[in-house]
Every structure is written in C-alpha cells, then in structure tokens.
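Q: when you get a sec, could you give me coordinates for this:
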Amino acid sequence: MAASSAPDERAARGGTPATHSPAIELGELLRQYQLGLVLIAGASADVLERPVQWVHVSELEDPAPFLTPRTVLLTTGARFSAVHDQQDADAYVQRLVGAGVTALGVAVGLHWDRVPAQIVSACDRLGLPLFRVPYDTAFIEIVQTAARLLEAGARERDVWALESQRAVASASLQRDGLGSAVREASARLGRWVCITDRSGRIVEFSPGSARSDVQAEWIRRETRRLVERGVSAGRIGGAGGGVQMQALGRRGRVLGVLAVEDRGAPDTAERTLIGLVAALATVQLEHRGGIDEAQSSLRDAIVQLLLDGDLALAERIAAGALTRVPRGSVVAVRYRTPEGVDPAIVEDLQSFDAGSPGLIRATLGDAPLIIAETRHLPAIRRLLLTRRILSGVSERGTLPQLAELIDQADRAVEYAVASGAEGPVDYLPALHDGVLHLLSGMPDARHRAESLLAPLRQHDRRHDDTIEHSLRVWLAHHGQTSPAATELGVHRHTLKARVQTAAQLLQSDLDSPDTRADLWTALRLAEKRA
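A: Down below sits the predicted model:
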C-alpha cells in the first residue's frame, strides 16, 4: 500500500449527509475499476442496487452510533483483534446492519492479509455486503470517487427535475390541462398520481393500468379525513401500499387532494415536481370550481336548450362552460339545501361538478338541479347522503326525456321533504305518481279543472286580484289561516276575506273535505297544464 495511504489519511471525512441527499447505487461504486474493490460476502439479488449516500471511515470497535443510514463503512480492521469468536463478529456486523449501513469495506495488507473469516461469515449470514479494498487503494480515493459520483448524480437529478417541470407545465396548457399534467407527472415519477375532489371522488388518475390496483373507497375515506382535519400533507399506509396525500387549495378552503404512490421518501427533485403538480391542480380546481354568475347563467341556458331539444346549440355553448354535455343514459337530481347552510356543503357541490365530463349543475325554476350521466350517480348519492341533503333522483333516461326526468325528480324531492328523509329518495312510479298523475293524462279531467277554476280566474283578471293563488296557499296549509297568511305576507283577516270571496265565486262550501279535495286536484291539474 502506498505511503500516502496511512491510517490517518484513511480517516478523512467530509461531514454528515443531508436527509434527502442524492444517492448512487453500490454497484456503481464497485464498478470503478481503478479502485480494485471486490465483493466477497453478503451478495444478494439486489446488492448492487443498494443506495449509497456517503462513505465513512472508522477504526472504532463500535462505530454504529456515529453512522448514518445508506453509508459505506471503510476500515483497516485495526480493532478486529477484539473479535475473539463468531459471536463477537456477529455482534459487530449486527450493529452495522442496525445503523442502516449499506456495505462494509475492509482493507487488506496493513493489519490483515485477508479479511477475518468470522467477519466474512457474519456478513454472509446477516446480509451485509462486504468488499475487499486492495493495499494500493487509499480510502481517500474511494471517498473522492464516491463524492464525484454523487455530485454527477445530483446534476443529473437537477436536469431531470428541470425537464420534468417543463414537461408538466407544458402539459397543463393543453385543453385537458389537469389530466395531461397528471399523466405527464406519473410517467416522469414512475408512480401512479391521483387528483380527487373534496368528497374523495377521483377526478384524474394516471396511469389507467394501475387504477384496478387502487382501492377507490379507501382513497375517498382518507381524503375526507384529510379535508375534515385540515391537514396539509401526510404519508398514509393502505390501498395496497403507502400513499402520499396533500390537500389542495388555500387556507380555509380545501378544493381536493393530491395522492401519489409512495415508493419510499421522494428526493428533492421528486418533491419539487410533486409540489408543481399540487400547485397546478389547485389553480385548475379553483378555475373549474369558481363559477361566477355568467357561468351559472350559461349552465342554466344550456339546460333550457336541452329541454327545448336543441342539443347542437347546447353543445356549442357548453364548449365554454362545461367539460362536456351529458350523453347516453342520464338522470336528473333535485335537491334542497337549508337556509344558513354550512359553506362546506356548497364547496362540496362546486367541487363535485368541477371538471366532471357529462355533468351539469344548474338552476331551473329557482331550484337547484343536477343532470348527469348515470356513471356519476354513485358519487352523487354518496355526497348527498354524507351531507344529509334532501334530494330526489329520477329514473334513468335519455336527453329527449329530460323534462319527464326532471318532473320525476321534483316529485321524489317533494316526497323527501314530506317524509323528512335524510339523503336522496329515488323516484318510484307506484309511490310518486298517484291519482293526480293519472288524471293529468285525461283531457276531460283537465277541462273540468279549468271550468271549476274559471270564476276565480275571471275575477282575478278583472280586478287584478290574487284570489286563486291565495286559495291555493290556504289549501296547502290544510285551511290554517295564520301560517298561510304568513307565507303570503298578508294579515290573516285579509286572507279570510279572500277565502270567503273564493267561496262566493265558486258557490261552494270550503269547509267540506270533498270540496277542498276537488279544488286542490283542479289547482294541481291546472298547474301541470300550465
């Protein structure tokens, strides 16, 4: 061994590696032919792939307390004389394994002509890679070579990070910006990447081939927990492996969650790329979910066009307001949110339809409405049930049947309100159609209803009065004057006078249940005809 390779020189150190320092593979170091390193024990299938973040020199009997994980330890074996038997050798190697040491390098020709057999045996049995350092190779050469390789690896990661960030940013400018960015990031990271909305519904996922391996229900549950706790990020076990999850949005307003497959702690380059995806996803979700009055008006107009049967014009207008108009099998959902509703419910609803192809959330007749392809129905039900929103769900149909589907949803939500149901109620013909629905299809019944109400309508037109409307509200309150007057915003004596006027015009006894039933049926049939 050269004179410059004295033990003092071998003890050269360069400091402690950072937690997320660049790493090289052990095989890359062993393949540096000028060093002459030879692997003699602890070989396994992945031995050459083991990560190395630092090379350290120590002649202590127990160097473990001073070592960091992913370190290659070099020694001349000066203290191996304290290893008297196999038990001592096993204890020495076990301490190194416990400290996370990647490999042990022992110099020969100074204290030992060959590596002690007990050390070789211990490394073989405990799985610690052991390589021989020839006499002519100074430890400082190994340290410097490792440093150069680490530096080159760091430069490569910097280039990778820059190129990856540019590629993801460029992908986000495509029409399907968020989806393109997620696909590009997934390809660059070699991990699946997922974006969910506030409710945990998966909005974007890549690659599609890994979708079957991910438990969507687990993702949804953990997303809700993350949103409710207000935690910004975390690593969670489950869903077939570890998952890194990060809340998207700003303080006080979470829009969704970014989930990334966890294959070990990401390095700085990967963390930077994941952070970029989170930022882009936040911007995209805010853009999609931030529906202003103009966008809401466009959505309302699109629904009206669909009701009128003008699908072509609806699709042209939708190009600026929706991802895509619903196609194929669709459902209509009506829902009612109470006054003073929790803002989080509104955010959930906005988050739900943000960027969902084939779904429209609009207002029709001063009441909220969702028209969606049936594939969205499970997620809609889950959201409505979780938030205990009174709602009605129509049967499945097509866009030409939209008016009928909305009518079904209206009847279902009325039943939900009357019954106090918590969550969605499905439309059932036998339950919700009733006698009125049968009568509405009979021309004679509608003609009779209009004839019965004609005196009231003639009076209202002649005197610019509201006798018919007042009577309808009074009957809706089962003839109770005070609550009906409150709804109408008039004094109860005023309402009594209007009811008496109605009785005179109709020449009927409004205290009779038969008369009330006839009048209520007539009013409902006339309302349907209108």
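Q: what is the rounded mean pLDDT of stretch 314-333?
A: Mean per-residue pLDDT for stretch 314-333: 80.
Q: tell me who's in contact with L390.
A: 335-336, 413, 416-417, 421-423 (C-beta atoms under 8 Å, 6 or more residues apart in numbering). The way it works is simple: take the backbone N, C-alpha and C, and place the C-beta from them, glycine included.
Q: and V333, helix, strand or coil?
A: strand (DSSP: H, G, I helix; E, B strand; the rest coil).
Q: show me the beta-bridge partners of the closest residue to it other than its chain neighbours.
A: Leaving aside its chain neighbours, V333 sits nearest to I370 (4.1 Å; criterion: C-beta to C-beta, 6 or more residues apart in numbering). Counting by DSSP bridges, I370 is bridged to V333, R361.
Q: can you get me a residue count around I370?
A: Counted by other C-beta atoms under 10 Å, the residues lying close to I370 total 24.
Q: residues touching it, list them.
A: Per C-beta under 8 Å, 6+ apart, neighbours of I370: 332-335, 353, 359-361, 380.
Q: give me the most central residue, this structure.
A: T196 (1.5 Å; C-alpha atoms, centre = their mean).
Q: make sure that residue is indeed in a strand.
A: Yes. When three-state DSSP is applied, T196 is found to be in a strand.
Q: just checking, it touches A259?
A: Yes. Contact criterion C-beta atoms under 8 Å: T196 and A259 qualify, at 6.8 Å.
Q: okay, and the common contacts of the two?
A: 219, 223.
Q: most residues in a single helix of this protein, which one?
A: Longest helix in the chain by number of residues (criterion: DSSP state H): helix 139-171.
Q: could you tell me the average pLDDT over the following helix or strand past it, please?
A: Next in sequence after helix 139-171, counting helices and strands by DSSP states H and E, comes helix 177-189. For helix 177-189, the mean pLDDT works out to 88.
Q: do the same with stretch 455-472
A: Here the average pLDDT along stretch 455-472 is 89.
Q: what comes up buried for it?
A: 455-456, 459-460, 467-468, 470-472 (16 or more other C-beta atoms under 10 Å).
Q: touching that stretch from outside, list them.
A: 453, 484, 488, 490, 495, 498-499, 501-502, 505-506, 519, 523.
Q: tabulate these in TSV, adding columns for distance to A301.
A: Below are those laid out as TSV (distance: C-beta to C-beta, whole Å):
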residue	distance to A301
L453	33
A484	35
L488	32
V490	35
L495	38
R498	37
V499	40
T501	41
A502	38
L505	40
L506	41
L519	37
L523	30
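Q: now, those residues that are in helices?
A: Those of the contacts of stretch 455-472 lying in helices (DSSP H): 453, 484, 488, 495, 498-499, 501-502, 505-506, 519, 523.
Q: turn those residues into JSON lines, including distance to V227 and neighbour count.
A: As requested, these are exported to JSON lines (distance: C-beta to C-beta, whole Å; neighbours: other C-beta atoms under 10 Å):
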{"residue": "L453", "distance to V227": "52", "neighbour count": "20"}
{"residue": "A484", "distance to V227": "43", "neighbour count": "23"}
{"residue": "L488", "distance to V227": "43", "neighbour count": "18"}
{"residue": "L495", "distance to V227": "48", "neighbour count": "22"}
{"residue": "R498", "distance to V227": "51", "neighbour count": "23"}
{"residue": "V499", "distance to V227": "52", "neighbour count": "19"}
{"residue": "T501", "distance to V227": "56", "neighbour count": "17"}
{"residue": "A502", "distance to V227": "53", "neighbour count": "22"}
{"residue": "L505", "distance to V227": "58", "neighbour count": "19"}
{"residue": "L506", "distance to V227": "57", "neighbour count": "19"}
{"residue": "L519", "distance to V227": "50", "neighbour count": "24"}
{"residue": "L523", "distance to V227": "46", "neighbour count": "20"}
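Q: tally of neighbours for V47?
A: V47 has 18 nearby residues by other C-beta under 10 Å.
Q: again with R381
A: Residues near R381, counting by other C-beta under 10 Å: 16.
Q: where's it, which helix or strand?
A: Residue-wise, R381 maps onto helix 377-386 under DSSP H and E.
Q: next SSE after that helix?
A: Counting by DSSP H and E, what follows helix 377-386 is strand 390-393.
Q: and the next helix or strand after that next one, what does it pack onto?
A: Note on strand 390-393: by DSSP H and E, the next helix or strand toward the C-terminus is helix 402-419. Counting contacts by 3 or more C-beta pairs under 8 Å, 6 or more residues apart in numbering; DSSP states H and E, the secondary-structure elements packed against helix 402-419 are helix 293-308, strand 330-336, strand 367-373, strand 390-393, strand 424-426, helix 429-432.
Q: just the CA atoms of helix 402-419, as PDB, please.
A: C-alpha atoms of helix 402-419 as PDB (Å, rounded to 0.1, in the frame of the first residue of the first chain):
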ATOM      1  CA  LEU A 402     -85.300  15.300 -19.800                       C
ATOM      2  CA  ALA A 403     -88.500  17.100 -19.000                       C
ATOM      3  CA  GLU A 404     -90.100  13.900 -17.700                       C
ATOM      4  CA  LEU A 405     -86.900  13.000 -15.700                       C
ATOM      5  CA  ILE A 406     -86.900  16.500 -14.000                       C
ATOM      6  CA  ASP A 407     -90.600  16.100 -13.200                       C
ATOM      7  CA  GLN A 408     -89.800  12.700 -11.600                       C
ATOM      8  CA  ALA A 409     -87.000  14.200  -9.600                       C
ATOM      9  CA  ASP A 410     -89.400  17.000  -8.400                       C
ATOM     10  CA  ARG A 411     -91.900  14.500  -7.200                       C
ATOM     11  CA  ALA A 412     -89.200  12.500  -5.400                       C
ATOM     12  CA  VAL A 413     -87.800  15.500  -3.600                       C
ATOM     13  CA  GLU A 414     -91.300  16.600  -2.600                       C
ATOM     14  CA  TYR A 415     -91.700  13.200  -1.000                       C
ATOM     15  CA  ALA A 416     -88.300  13.500   0.700                       C
ATOM     16  CA  VAL A 417     -89.300  16.800   2.200                       C
ATOM     17  CA  ALA A 418     -92.700  15.500   3.300                       C
ATOM     18  CA  SER A 419     -91.200  12.300   4.800                       C
END
